[in-house]
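Asker: What would the 3D arrangement of this be:
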Amino acid sequence: MPTRKEPQEYAKVGCKDCWHPYGLQSLNPEKFVSVVTRILKGKFELLELKWNKNMQIS
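Answerer: Model (predicted):
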């Protein structure tokens, strides 16, 4: 396959502003505090989980 004459340009990666609660579990403590602070200030969003409230835990 021939090489390209001009370099490829890619879109810039944006800031992650919507978090799943399970994604917060894998963060290191400093990053966790930073993200949770921004969630509480309203700058980031936390996805709501749809749980089956009729399910009983035995």
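
Asker: What average pLDDT does stretch 27-44 get?
Answerer: The average pLDDT within stretch 27-44 is 95.

Asker: Run through who's touching that stretch.
Answerer: Outside of stretch 27-44, the residues within contact range by CB atoms under 8 Å, 6 or more residues apart in numbering are 17-19, 24, 45-46. The C-beta positions use only the backbone N, C-alpha and C, and glycine is treated the same way.

Asker: next SSE after the helix or strand harbouring residue 40?
Answerer: Element membership for residue 40 (DSSP states H and E) is helix 29-41. Remark: after helix 29-41, the chain's next helix or strand is strand 45-46, criterion DSSP H and E.

Asker: Find the residue at the geometric middle of this structure.
Answerer: The centre of the chain sits closest to residue 19, judged by CA atoms, centre = their mean, with a distance of 3.7 Å.

Asker: Do I have it right that it meets residue 48?
Answerer: No: using CB atoms under 8 Å, residue 19 makes no contact with residue 48, being 11.3 Å away.
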